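1. I need the structure of the sequence given here:
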Amino acid sequence: MKKVLPVLILSLILVIGAMVSASEPCPANCSGTGCNLYADVNSSGICDVALADTVTQATPTPCPANCKGKGCNLYTDAGGNGICDLSAADKGVQEKPTAKPIATPCPANCKGKGCALYTDASGNGVCDLSVADKGMVVKPTATVPSALVTFKDIANHWSKNYVERLAGSKILSGYPDGTIKPDLEINRIEAVVLVLKAAGVKPVHKDGANFADKSSIPAWSMDYIEAAVENKIITADKNVQFKPMGKISRQELAVILVKAFGLDEESVQGAKFKDISSISDMAKKCICIASDLKIISGYPDNTFKPDKNVLRAETFTMIARALDLQAQTL
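-> Here you go, the predicted structure:
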């Protein structure tokens, strides 16, 4: 019996040693007395994290804002770190970082110390014209078409230069067959829209153009007609027809031009047309202004012919002259 007891004790020591050696190590992020291995009732080697003095588990970091797709959900890797699996993110749905605005140079017509480039609070490159040396900012010249736009029926027409300038500035476009038909009479809707586009009057979506024939005004032009009414260029009356496809007279066009371009003169020289008495009182001042500014002119016999319908070429010419005057006053 004495010989058997030491053998049993030795066997027990070997079994316990084997169990201890088989115990799993505490994780690297466990610290303190509770992290020592001990054997539970099942003789398993465990780490009593609950008794640990401190447990320094890594805090998962959120996925970046530009990550999209199923791979962007947080999970914890084997080391306990919170990571975002971009490799599994849906391909092609990651947002590209917003590029920083590129500073734009000062315009070529800017002169003086205020024209030095600087960046504002939003990172935009701007030119501080407000502190530019006074009197040294060159006035812009009239818009020069970037590419010549012409039409096959104006090669030898007297209005060729005016037509090409308006077409190059995208104010005017021709017909599908490549013509502009300069000698046709222009209709009211075309004249009003062309004048407003040239004068920079923006279309508005309202419901103030209450003409008796409002339903006959083409949808593509309706917002321009609304803008003309809102800016008091034309007057709407539910008892009056606009007649969009009707012709427009010389005196009507003169009134629209002067009002749309905001032309005025403190001292207006009376237009010396022989038929001045046939011009309506409503149009007389506008015709005098347009005549003084050389936007319109009379006929060789010194008449104005206020009720004569306006040709397309005549309309283009008046608009181009108004634009020239506008450029000179900027």
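2. ok, Leu311 touching Asp183?
-> Yes. Shown here, Leu311 and Asp183 form a contact pair, counting by Cβ atoms under 8 Å, at 5.9 Å. Where you see a C-beta, it was placed from the backbone N, CA and C, and this is true even at glycine.
3. higher neighbour count, these two?
-> Set Leu311 next to Asp183 and count neighbours by other Cβ atoms under 10 Å: Leu311 wins out with 18 against 12.
4. partner residues bridging that one?
-> Under DSSP bridges, the beta-bridge partners of Leu311 are Glu185.
5. begin at 844 from here
-> All set: I'll call the first residue 844, so the last point we hit is now Leu1154.
6. for it, give me its contacts.
-> Neighbouring residues of Leu1154 by Cβ atoms under 8 Å, 6 or more residues apart in numbering: Pro1025, Asp1026, Leu1027, Glu1028, Ile1029.
7. would you list the residues you listed in a markdown table and tack on pLDDT and distance to Ser1064?
-> Output for those, formatted as a markdown table (pLDDT from 0 to 100; distance: Cβ to Cβ, whole Å):
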| residue | pLDDT | distance to Ser1064 |
| --- | --- | --- |
| Pro1025 | 96 | 21 |
| Asp1026 | 97 | 23 |
| Leu1027 | 97 | 18 |
| Glu1028 | 97 | 18 |
| Ile1029 | 97 | 13 |
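8. so Gln1169 touches Leu1100, yeah?
-> No. Applying Cβ under 8 Å as the test, Gln1169 and Leu1100 come out as separate, 11.1 Å apart.
9. more neighbours: which of these two?
-> More neighbours surround Leu1100 than the other of Gln1169 and Leu1100, with 26 against 16 (other Cβ under 10 Å).
10. how close does that one get to Val1038?
-> 6 Å (Cβ to Cβ, to the nearest Å).
11. same question for Ile1076.
-> According to Cβ to Cβ, Ile1076 and Val1038 sit 8 Å apart.
12. and if you look at Lys1003?
-> For Lys1003, the distance to Val1038 equals 21 Å [Cβ to Cβ].
13. the more surrounded of those two?
-> Neighbour tally, Lys1003 and Val1038, criterion other Cβ under 10 Å: the higher count belongs to Val1038, 24 against 17.
14. measure how buried the nearest residue to that one once chain neighbours are set aside is and give me the count.
-> Of all residues not flanking Val1038 in the chain, Ala1103 sits nearest, at 4.9 Å (Cβ to Cβ, 6 or more residues apart in numbering). Per other Cβ under 10 Å, the neighbour tally for Ala1103 reads 24.
15. surely Ala1103 meets Lys1075?
-> No. With contact defined as Cβ under 8 Å, Ala1103 does not count as touching Lys1075 (10.2 Å).
16. in contact with Phe1147, which residues?
-> Phe1147 sits next to Arg1093, Gln1094, Ala1114, Phe1116, Asp1118, Ile1119, Ile1122, Ile1130, Gly1141 when contact means Cβ under 8 Å, 6+ apart.
17. ok, back up a step: now a PyMOL select for only the buried ones of the contacts of Leu1154.
-> Of the contacts of Leu1154, the buried ones go into a single PyMOL selection, burial set by 16 or more other Cβ atoms under 10 Å:
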select buried, resi 1025+1028+1029
